[in-house]
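Visitor: Give me a 3D structure for the following:
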Amino acid sequence: MNFTTDEALSILNSTEKSEVQDQYEDLVFSWKQKYLMIIPPVKLIQSQIQKINRLNEAYQHFYTIDYQNTTIDNENDISLPLIIFLNNYQQSIAEIKHLISNSLNGFELVENLNRLITIESRMCEKLSAYFVDIKFDFWDKVKVSEHIDIFAAEQELKVKGITESEIINYLRAQIERKIYPTNSVLANLVLKAQKANDYGYK
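Guide: Sure thing, here's the model as predicted:
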């Protein structure tokens, strides 16, 4: 999109070109800070990427950034056993948060946020695969934006000694007690992923 100078200045919270560089860096920094603690749902990340892209386009009205996409392998194989997948996910999130915080500009930030979307979407796909022949009627209580401790879910599998082949039956027993949140962190996590799949609010 081509902005007029006044439009670009407004997007960058600036009144003149001399302010653009500092304002752009401040705005990119504020976006980066949003991802250092809680990861929002994918739908919200996608919406925020659109806003950052708009910021980048406004900046390019005044300056040129020579930027090329890079390739980083942070794939988490969904065929892995869940306990390994959850551990890998936590490592991937730590790595992507580091990349986000060190993004040099809004273009690099968008690239790293797209990587984050891939990580989160793969997690959602993996977890929802365990929601098989399970009855649950309280979807209105499940919030996709709710933070659920992944480490606690991993520990639940370890402490209770739940094997990969036992997970679905374990989840069914927890979820069909007809209360939410359930007494199982893992079950709550799976319900969150399933709602994201069903309603498109990843």
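Visitor: centre of the chain versus the top helix by length along the chain, how much separation?
Guide: Across the chain, the longest stretch assigned as helix under DSSP state H is helix 106-128. How far helix 106-128 lies from its chain's middle: 6 Å, per C-alpha atoms, centre = their mean, to the nearest Å.
Visitor: Can you name every helix or strand that the very next helix or strand once past it contacts?
Guide: On the C-terminal side of helix 106-128, the nearest following helix or strand under DSSP states H and E is helix 150-160. If you count contacts as 3 or more C-beta pairs under 8 Å, 6 or more residues apart in numbering; DSSP states H and E, helix 150-160 packs onto helix 82-101, helix 185-199. The C-beta positions use only the backbone N, C-alpha and C, and glycine is treated the same way.
Visitor: quick one, domains of the protein?
Guide: Following automatic domain parsing, one gets these domains for the chain: 5-128, 139-199.
Visitor: related to what we said a few turns ago, among the helices and strands packed on helix 150-160, which is the most enclosed?
Guide: A comparison of the helices and strands packed on helix 150-160 by mean neighbour count, using mean count of other C-beta atoms under 10 Å, puts helix 185-199 on top with a mean of 22.
Visitor: what's the residue nearest to F136 when sequence neighbours are not counted in contact with, if anything?
Guide: Distance criterion C-beta to C-beta, 6 or more residues apart in numbering; nearest residue to F136, sequence neighbours excluded, is I175 at 5.3 Å. Taking C-beta atoms under 8 Å, 6 or more residues apart in numbering, we find I175 in contact with I134, K135, F136, T182, A187, V190, L191.
Visitor: returning to what we had before: could I get the domains of the chain as CSV with mean pLDDT?
Guide: Formatted as CSV, the domains of the chain follow (pLDDT from 0 to 100):
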stretch, mean pLDDT
domain 5-128, 93
domain 139-199, 94
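Visitor: thinking K17 is in contact with F62, fair?
Guide: Yes: the pair K17 and F62 qualifies as a contact (C-beta atoms under 8 Å) at a distance of 5.6 Å.
Visitor: A173 versus I93, what's the distance?
Guide: Per C-beta to C-beta, to the nearest Å, I93 is found 29 Å from A173.
Visitor: now swap in N188 and tell me
Guide: Distance of N188 to A173, given as C-beta to C-beta: 14 Å.
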